[in-house]
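Chemist: return a 3D structure for these sequence lines:
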Amino acid sequence: MASEPQFQVLKVEGAARTGILRTAHGEVLTPAFMPVATHGALRAFPHHLLEKASILLSNTYHLYLRPGTAILEAAGGLHRFMGWNKPILTDSGGYQVFSLAPQRKLSPEGVLFKSHVDGSTHLLTPEKVVAIQRSIGSDIQMVLDVCPPYPASDSEMREALELTHAWAARARRAFLENPTAYGYPVLQFGIVQGGVEPELRRASFAALKHLDFEGWAVGGLAVGEPFELRQPILHLMGELLPPEKPRYIMGIGTPLDILEAVAAGMDMMDCVLPTRNARHGRLYTWEGIIHIRNARYKSDLSPLPPWGYTRAYLHHLFRVEDPLAQTIATAANLTFFLELMEHIRLHITQGTFLAWKAEIAQKLMQPAPK
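Modeler: So this is what the prediction gives:
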């Protein structure tokens, strides 16, 4: 009996699609939002309570520095270390190194950087990033790439693409020598760069497509460019990337961005916004965005998902600076984002996604009505 495919598209409406991504640690229903557990933990929230999430994202750069590969290997990988038995995707650390611009140096060999923790010097090569992710045991590995800033000069962008493409080929060779971790099969995704220039995006994918990654990612968006420039690139990549492979848009995370990414044919996305904004009392709801610290919520006894604590109680906790405020707010935001993905998948299945998107997209980004 033939084995099931790693990725299977189930339903399509326009460019939007639902599907199943199968990994060694379980299935991921797509489109899927990946909560960010950078260090192997969601900020201010215990991940064992996150029942609706089917996959988390962690970061190779941070886990390499702390706790380090020796401890991860002794634990049998990140899944066992953090007590999470569902899939994990790890970013390569390219974006984090990009954000450390004054402390890093790019070369054909790799990227030399100083640790933000203790100032020690490290060299990340494409091969080393593959090895680190094998120690982590992530189900989905991202290749090391160069994420240029916005705006970037033409020379900066072309240099970034040259390194990204050369590193991707080296990472692919290193991965295929042993496409497993702790005895189970893992996947590797390639990353297409090119900023907001359509021709550079086309050239980047053309340079990489022969590597035949198990999935594809769109990098270098949500780095400061306006939505109006990001939107056409999303749709272009939905047209270019192979329909039989999962497509991951990196770092996209407002409700509006998620809806647009899905409409463009993206299957996976991640962002720190749900957890970061929760810590500042900014909550996403079906009525719009609320700022729970505002005085209007002092006596608002309407419940918040998923546990039913009232808005008034959460307002009180923020006012007295109780750490529980961050946990309740994070739970509410993650619940909203994961429920948003459930609604997206349902509407695509029913053939009503595009009409529903047009009705709800702007509402979710507005302040909630008084």
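
Chemist: quick one, helices of the protein?
Modeler: Using DSSP state H, the helices of the chain run over residues 60-65, 69-75, 78-82, 94-99, 126-136, 154-176, 198-208, 227-240, 255-263, 273-279, 311-319, 324-350, 353-365.

Chemist: report the buried residues of the fifth one.
Modeler: Read it as helix 126-136. For helix 126-136, the neighbour count (16 or more other C-beta atoms under 10 Å) marks P126, E127, K128, V129, V130, A131, I132, Q133, R134, S135, I136 as buried. C-beta here means a position set from N, CA and C on the backbone, and glycine is covered the same way.

Chemist: turn those into a markdown table, including distance to P243 and pLDDT.
Modeler: Below are the buried residues of helix 126-136 laid out as a markdown table (distance: C-beta to C-beta, whole Å; pLDDT from 0 to 100):
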| residue | distance to P243 | pLDDT |
| --- | --- | --- |
| P126 | 27 | 97 |
| E127 | 30 | 98 |
| K128 | 33 | 97 |
| V129 | 28 | 97 |
| V130 | 27 | 98 |
| A131 | 32 | 98 |
| I132 | 31 | 98 |
| Q133 | 26 | 98 |
| R134 | 29 | 98 |
| S135 | 33 | 98 |
| I136 | 29 | 98 |
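
Chemist: out of those residues, who's nearest E321?
Modeler: Among those, I136 lies closest to E321 (C-beta to C-beta), at 34.7 Å.

Chemist: hang on, isn't the closest one packed against L78?
Modeler: Yes. Counting by C-beta atoms under 8 Å, L78 is a contact partner of I136 at 4.8 Å.

Chemist: overlap of the contact sets of the two?
Modeler: The contact sets of I136 and L78 overlap at S58, L63, L72, I88, T90 (C-beta atoms under 8 Å, 6 or more residues apart in numbering).

Chemist: residues contacting the fourth one?
Modeler: Shown here is I88, whose contacts under the criterion C-beta under 8 Å, 6+ apart are H25, I55, L56, L57, S58, L78, H79, I136, G137, S138, D139, I140.

Chemist: repeat that for the third one.
Modeler: Listed by C-beta under 8 Å, 6+ apart, the contact set of L72 reads L63, L78, F81, S135, I136, G137.

Chemist: residues contacting the closest residue to it other than its chain neighbours?
Modeler: Among residues not flanking L72 along the chain, S135 sits closest, at 5.2 Å (C-beta to C-beta, 6 or more residues apart in numbering). Applying C-beta under 8 Å, 6+ apart to S135 gives the contacts T69, L72, E73, G77, A181.

Chemist: and what of T330?
Modeler: Contacts of T330 (C-beta under 8 Å, 6+ apart): L42, R43, A44, F45, P274, T275, A278, R279.

Chemist: rerun that using 10 Å as the cut-off
Modeler: T330 is in contact with 35, 42-46, 50, 274-279, 283, counting by C-beta atoms under 10 Å, 6 or more residues apart in numbering.
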